[in-house]
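A.B. asks: Return a 3D structure for these sequence lines:
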Amino acid sequence: MKFNFFGWASRKADKFAKTIASYAPPRQLRSLTTATEAPADLRERDLTRERLKIRFAQTSDALEDATMLVQKRYAWRGYPPAQLKPNPNRITITTSHGSRVIGTVTVGYDSEAGLLADEIYKTEIDQLRARGCVVGELSKLAIDKELGGKQVLARIVHIAYLYGLLHQCTDAVIEVVPRHKAFYERMLGFTQLGPEKLNPRVNKPVLLMHMPMAEMAERIRALGGRGATTGNRSLYPYFFSQREQDEIIARLTQGE
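C.D. replies: Okay, here's the model as predicted:
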């Protein structure tokens, strides 16, 4: 299935302020209701009644909540504090459980201002542009250690993919630390595009990973929504199903 959206569709999505998608907590999240090692505030709540909600971070409070999760997950690795701010060429997506943000990712799409990765990988990204590719970028990906899991990660990445489609992106890139290379290859199908370089924003070595959106679409069609029964060990069985994807796209483009 090929999508052919124009500017009006991406503008609708940029201003979408409602819940994009909601779904029941995954099994490992529900199990925390009785687990003695779970934080007390979680044991006291009926997690089975609280659906996870995916939204765009459209307010300063929402961006601050996402920032807190990014800082919490990145600080122990020695990264400098990150601060998510409004940007006309980026959107931050969050997954929330009640008032708690348990997942976030920022999607950037190409413009005259370029991408974050252009700072050290402009040569490699320009090669994609020269082939006619429209490049989108993932950054600030963070999942709550206590409440996150495969489904939370998969579904927020799926929404990031759909947002990229609405902005006509044909290819996705992400900078990762070298030890995460195998994860992105195995779980999402990314391949290395650029050599290891020092990223001055975080003062850490990184690699540039790349994936054509068409390849991601094929994997979603084959595996999305099927769960662990497929035997496939990537994240794609935990993506939304094709029917759910179509409903989400309609919601974003129609403003419902």
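A.B. asks: C-alpha only now, for contacts and for neighbours.
C.D. replies: OK.
A.B. asks: Correct me if wrong: residue 54 contacts residue 20.
C.D. replies: Yes. Here residue 54 reaches residue 20: they are 5.5 Å apart, a contact under CA atoms under 8 Å.
A.B. asks: Between the two, tell me which one has more neighbours.
C.D. replies: Set side by side, residue 54 and residue 20 show more neighbours around residue 54, with 24 against 20, by other CA atoms under 10 Å.
A.B. asks: so who does the more buried one touch?
C.D. replies: When contacts are counted by CA atoms under 8 Å, 6 or more residues apart in numbering, residue 54 touches 19, 20, 21, 22, 93, 94, 95, 96, 156.
A.B. asks: Would you agree the second one is in contact with residue 250?
C.D. replies: Put plainly, it is residue 20. No. In terms of CA under 8 Å, residue 20 does not count as a neighbour of residue 250; the distance is 10.3 Å.
A.B. asks: Buried residues of the helix or strand containing residue 183, list them for me.
C.D. replies: In this assignment (DSSP states H and E), residue 183 forms part of helix 181-188. Judged by neighbour count using 16 or more other CA atoms under 10 Å, the buried positions of helix 181-188 are 181, 184, 185, 188.
A.B. asks: which residues in the stretch 101-250 of the chain form helices?
C.D. replies: Under the criterion DSSP state H, counting those that start in this stretch, helices of the stretch 101-250 of the chain are mapped to 118-130, 150-166, 181-188, 213-223, 242-254.
A.B. asks: Those helices: which one's closest to residue 85?
C.D. replies: helix 150-166 (17.5 Å; CA to CA).
A.B. asks: Counting neighbours, what do you get for residue 114?
C.D. replies: 15.
A.B. asks: ditto for the one 5 residues further on
C.D. replies: Burial measure for residue 119: 12 neighbouring residues, criterion other CA under 10 Å.
A.B. asks: Begin at 284, not 1, for the rest of this chat.
C.D. replies: Will do, 284 is the new start, and the previous item becomes residue 402.
A.B. asks: So for it, what pLDDT did the model give?
C.D. replies: Here, the pLDDT recorded for residue 402 equals 97.
A.B. asks: gap between it and residue 361?
C.D. replies: As defined by CA to CA, to the nearest Å, residue 402 lies at a distance of 21 Å from residue 361.
A.B. asks: again, but for residue 393
C.D. replies: According to CA to CA, residue 393 stands 29 Å off from residue 361.
A.B. asks: do the same with residue 458
C.D. replies: When distance is defined by CA to CA, residue 458 is 16 Å away from residue 361.
A.B. asks: Between these two, point out the one with more neighbours.
C.D. replies: Under the neighbour definition other CA under 10 Å, residue 458 and residue 361 were set side by side, and residue 458 has more, 25 against 10.
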